[in-house]
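Colleague: I'd like to go over a predicted model; first the sequence, then the structure.
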Amino acid sequence: MKIIFNVKIILQPFLLAFCFIIGLSSPILHGQERADLLSLYEEALRNDSLLSSARFQNEATRELIKQGKSLFLPSISMSASFDKQDKERKFLTSSLPSNDLLSGKKTNYDSYDYGVTVKQPLFNYSAYAQYKKILTQINLSDKQLIKTQQDLIFRISKAYFETLLAKDQVDLFQYQRASIKEQLLKAEAQFEAGLISITDINEAKTKIALIKAQQISAIQKLKIKKREIQVVTGKLPGKLTPLNPIITFTKMDNLADDWILIAEENNLELQIKKDEIKIASREIDARRSDHYPTVDAIASRSRNWDKGGYPYGATENEGVRSYSDAIGIEISIPIFSGGMTSSRVTEAVLLKSKLEQDVEYLRRGVELKVRDYYLSLQTNFSEISAYQQAMKAATLQLESTKLGFQEGLRNSVEVLDSQQILFNAKLNILESRYNYIMNYINLKLSVGMLSIEDLNEINQYLMVNQE
């Protein structure tokens with residue numbers, strides 16, 4: 001099933017003024033290169049600490065393969081020692097047999113020995129179970145790395161569009177202040193002509209003061225949002241390429257159940273939990289193997305040299321040399337461990353059951369999230385259309401109210417109210433557009449299909465090379 005994020009460009013007369021306001025700082029007008037979503041993502045790939053941490057974790061986990069293979073390879077151990085002997089003995093009887101070996105009472109000599117042992121496992125089920133567990137851990141680590149990469153796409157997209165929304169709010173407040181100031185000048189002219197009361201002027205001044213306070217708050221929010229981008233990319237961004245305000249979105253054809261089926265197969269959180277269940281099964285096998293015997297082939301060689309001894313205390317004597325070579329099979333059979341092995345197996349079985357319940361709970365949560373994002377997308381699509389109609393109506397209402405004010409049929413307060421309605425409609429459209437994109441990204445993330453291709457596609461909806 002192919003899933004497409006469709007948009008189309010539609011020019012509408014009532015949107016032209018709105019496009020000009022939001023696109024005042026477009027690259028063509030300013031002649032400056034701006035950062036877009038894709039360029040910030042590339043910066044994040046190089047500088048994001050969470051992604052770097054996940055990469056190191058994945059590389060460290062891959063080292064377990066070598067450790068697992070070592071369980072089946074031979075091991076070689078060597079030992080060596082040197083002793084300096086200084087001994088004395090006493091006899092408790094005065095009558096000793098005539099024997100040179102018993103005649104000495106003191107001795108001082110050196111002793112040397114070394115040994116080499118080679119051990120090759122022939123049968124060790126615990127090593128086999130451990131190696132299978134390691135292979136599953138590698139798969140789990142790979143999925144965790146992919147999940148971190150998808151999370152990075154989400155984090156940079158969220159920070160990017162929240163920053164754009166904050167910038168749009170600042171621009172809209174600035175536009176609204178300019179419109180109110182223009183209305184204030186007209187009101188002052190009519191007041192001087194005696195056509196209106198001072199109330200209209202005071203209302204406009206109050207509106208300007210309130211908008212200024214809101215704009216200060218919006219500027220502060222914009223600064224914080226840019227810092228959030230810095231956390232991901234390691235650099236404070238400059239100007240961002242805005243979303244093209246003249247695009248509209250088409251309703252997706254896929255049903256919610258289609259997305260849920262995809263999520264059950266591809267959601268990375270679910271896949272990671274399923275791998276944890278596989279690891280738990282391997283752990284059960286490893287613990288049960290403590291009941292099984294182990295078989296090893298062993299070859300050893302040892303050498304010992306004592307350069308003296310009773311009755312020969314002098315080092316002139318060559319001493320005694322001993323040799324030992326052995327080769328054979330060693331079998332180790334566990335008999336009884338006080339119930340430890342059985343208890344550890346029971347513990348592993350219970351932990352696996354716990355993970356199975358976690359997977360079921362997570363599966364239900366993923367299904368709920370997919371439905372939530374899907375329905376939110378449908379809602380956003382309907383909201384965008386409704387707010388466009390509302391903005392069109394608000395634009396016509398403002399024009400008629402201004403005309404009525406010039407003819408003395410409307411007062412300045414009514415003009416200010418109409419301006420506020422138009423401002424709210426514009427802000428609602430912006431929020432709905434950004435919410436639509438983020439809900440789409442959330443939906444792709446929840447089904448485990450968010451990729452760089454989605455980022456490339458969304459990046460095309462920014463105001464790049466648009467007249």
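Modeller: On my side now, so go ahead. Note that the structure is predicted; figures quoted are calculated from it, not measured.
Colleague: strands paired with the helix or strand containing residue 108, and their directions?
Modeller: According to DSSP states H and E, residue 108 maps onto strand 106-123. Paired strands of strand 106-123, with direction, are strand 75-88 (antiparallel), strand 294-306 (antiparallel) (DSSP bridges).
Colleague: rank the ones you listed by pLDDT, which is bottom?
Modeller: The stretch with the lowest average pLDDT out of the strands paired with strand 106-123 is strand 75-88, scoring a mean of 85.
Colleague: run the chain-centre distance for it.
Modeller: What separates the centre of strand 75-88 from the centre of its chain is 55 Å, taken as CA atoms, centre = their mean, to the nearest Å.
Colleague: next one: stretch 50-69
Modeller: How far stretch 50-69 lies from its chain's middle: 16 Å, per CA atoms, centre = their mean.
Colleague: CA atoms only for that stretch, dumped as CSV, please.
Modeller: C-alpha atoms of stretch 50-69 as CSV (Å, rounded to 0.1, in the frame of the first residue of the first chain):
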residue,chain,number,x,y,z
LEU,A,50,21.2,11.7,21.2
LEU,A,51,21.9,10.3,17.8
SER,A,52,25.7,10.1,18.5
SER,A,53,24.9,8.3,21.7
ALA,A,54,22.8,5.8,19.9
ARG,A,55,25.5,5.2,17.3
PHE,A,56,28.1,4.5,20.0
GLN,A,57,25.6,2.2,21.8
ASN,A,58,25.0,0.3,18.6
GLU,A,59,28.7,-0.1,17.9
ALA,A,60,29.3,-1.3,21.5
THR,A,61,26.5,-3.8,21.2
ARG,A,62,28.0,-5.2,18.0
GLU,A,63,31.1,-6.1,19.9
LEU,A,64,29.0,-8.8,21.6
ILE,A,65,29.2,-10.9,18.4
LYS,A,66,32.9,-11.4,18.9
GLN,A,67,32.3,-12.2,22.6
GLY,A,68,29.7,-14.8,21.6
LYS,A,69,31.9,-16.5,19.1
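Colleague: what residues sit buried inside that stretch?
Modeller: Residues of stretch 50-69 classed as buried: 51, 54, 58, 61, 64, 68 (neighbour count, 16 or more other CB atoms under 10 Å). All C-beta atoms are positioned from the backbone trio N, CA, C, and that covers glycine.
Colleague: in helices, which of these fall?
Modeller: Taking DSSP state H, the ones among the buried residues of stretch 50-69 that sit in helices are 51, 54, 58, 61, 64, 68.
Colleague: okay, those in a markdown table with pLDDT and distance to residue 250 next?
Modeller: Converted to a markdown table, those look like this (pLDDT from 0 to 100; distance: CB to CB, whole Å):
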| residue | pLDDT | distance to residue 250 |
| --- | --- | --- |
| 51 | 95 | 33 |
| 54 | 95 | 35 |
| 58 | 96 | 39 |
| 61 | 95 | 43 |
| 64 | 94 | 48 |
| 68 | 93 | 51 |
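Colleague: re earlier: closest to residue 166 out of the strands paired with strand 106-123?
Modeller: strand 75-88 (62.4 Å; CB to CB).
Colleague: picking that back up, tell me the mean pLDDT over the helix or strand following the strand holding residue 108?
Modeller: On the C-terminal side of strand 106-123, the nearest following helix or strand under DSSP H and E is helix 125-192. For helix 125-192, mean pLDDT rounds to 91.
Colleague: packing partners for helix 125-192?
Modeller: On a contact count with 3 or more CB pairs under 8 Å, 6 or more residues apart in numbering; DSSP states H and E, helix 125-192 meets helix 16-22, helix 37-47, helix 49-70, helix 198-233, helix 268-288, helix 412-446, helix 452-459.
Colleague: off-centre distance for the fourth one?
Modeller: If I follow you right, that is helix 198-233. That offset, for helix 198-233, works out to 33 Å (CA atoms, centre = their mean).
Colleague: likewise the second one?
Modeller: If you compare the mean C-alpha spot of helix 37-47 with that of the full chain, they lie 15 Å apart, counting by CA atoms, centre = their mean.
Colleague: list the buried residues in it.
Modeller: Quick answer for helix 37-47 (16+ other CB under 10 Å): 37-41, 43-45.
Colleague: same question for the longest one.
Modeller: Using 16+ other CB under 10 Å as the burial criterion, the residues of helix 198-233 that qualify are 200-201, 203-204, 207-208, 211, 214-215, 218, 221-222, 225-226, 228-229, 232-233.
Colleague: quick check: angle from it to helix 412-446?
Modeller: In terms of direction (axes from the mean of the first three to the mean of the last three CA atoms, to 10 degrees), helix 198-233 departs from helix 412-446 by 20 degrees.
Colleague: same question, the last one
Modeller: Using the same axes, to 10 degrees, one finds that helix 452-459 and helix 412-446 are set 160 degrees apart in direction.
Colleague: contact partners of helix 452-459?
Modeller: 5, 36-38, 41, 153, 157, 437, 441, 444 (CB atoms under 8 Å, 6 or more residues apart in numbering).
Colleague: show me which pair in the residues you listed is furthest apart.
Modeller: Largest separation among these by CB to CB: 36 and 444, giving 19.2 Å.
Colleague: hang on, the earlier thing: would you turn the helices and strands packed on helix 125-192 into TSV with distance to residue 114?
Modeller: Converted to TSV, these look like this (distance: least, CB to CB, whole Å):
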stretch	distance to residue 114
helix 16-22	83
helix 37-47	54
helix 49-70	25
helix 198-233	59
helix 268-288	36
helix 412-446	62
helix 452-459	60
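Colleague: closest one to residue 299 among these?
Modeller: Checking these against residue 299 by CB to CB gives helix 49-70 as the closest, at 18.8 Å.
Colleague: centre-most residue in this structure?
Modeller: residue 148 (3.0 Å; CA atoms, centre = their mean).
Colleague: mind checking how far that one is from residue 321?
Modeller: For residue 148, the distance to residue 321 (CB to CB, to the nearest Å) stands at 63 Å.
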